[in-house]
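Asker: Okay, predicted coordinates and the sequence, questions at the end:
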Amino acid sequence: MLPERYAWLARETGPRMIVEALKLFGTLEAAGSRNNPTIVAWAKEVGGEVADLYKADSIPWCGLFLAVVAKRAGKVFPQHPLWALSWSAFGSKVTAAGLGDVLVFTRKGGGHVGLYVGEDAGAFHVLGGNQSDRVCITRVARSRLYAARRPLYRVQPDNVRPLHLEASGALSLNEA
């Protein structure tokens, strides 16, 4: 269930990647050496090298989450989608992010990727996987942004727009 401050997202009719991502909201990584079969099944659904490489939810899965969302939304994901920084080649570059755009971030030891749902003065509000070991919305510092990419649309949804939100909640420091 979406937190109250993001409940408005459930009423958005697009972009399709947001709609598909929201269907997975709350999916939780299994504790310890166990694996959530849902997350592991996403790798099989995505197929190719992802199915070959991804075997346990202890492996960072933000890129896997985005790949399954993109596939379900009919979008072509980048080569090597498990690696967050690969998403900087997705879609087209934008200078100002809008609802449903892919945001790529740097972090110590790698990167992180998720979907833009809004922003405040210091952070982007990101819908993503492997954020506190679950699919949720978290705030990521603007200073960590590596790339903002818009899915390729035949007709861009009318609700792709910047959204200015209240700065509430802690900043995510490391999504690994």
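Answerer: The structure has been received and is ready for your questions. Numbering: from 1, shown residues only.
Asker: Which element, helix or strand, includes the residue of the chain most remote from its centre?
Answerer: When distances are taken from the C-alpha mean of the chain, residue 33 lies farthest, 24.2 Å away, according to CA atoms, centre = their mean. Residue 33 belongs to no helix or strand when elements are defined using DSSP states H and E.
Asker: Quick check on it: phi, psi?
Answerer: Backbone torsions of residue 33, given as degrees, to the nearest 10, read phi -80, psi 0.
Asker: show me where this structure has strands.
Answerer: Using DSSP state E, the strands assigned to the chain run over residues 92-93, 102-107, 110-119, 123-131, 134-141, 145-150, 171-172.
Asker: now those in JSON lines, with mean pLDDT and mean neighbour count?
Answerer: (Glycine included, C-beta is placed from N, CA and C.) Formatted as JSON lines, these follow (pLDDT from 0 to 100; neighbours: other CB atoms under 10 Å):
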{"stretch": "strand 92-93", "mean pLDDT": "98", "mean neighbour count": "10"}
{"stretch": "strand 102-107", "mean pLDDT": "97", "mean neighbour count": "22"}
{"stretch": "strand 110-119", "mean pLDDT": "97", "mean neighbour count": "25"}
{"stretch": "strand 123-131", "mean pLDDT": "98", "mean neighbour count": "25"}
{"stretch": "strand 134-141", "mean pLDDT": "97", "mean neighbour count": "20"}
{"stretch": "strand 145-150", "mean pLDDT": "98", "mean neighbour count": "18"}
{"stretch": "strand 171-172", "mean pLDDT": "94", "mean neighbour count": "16"}
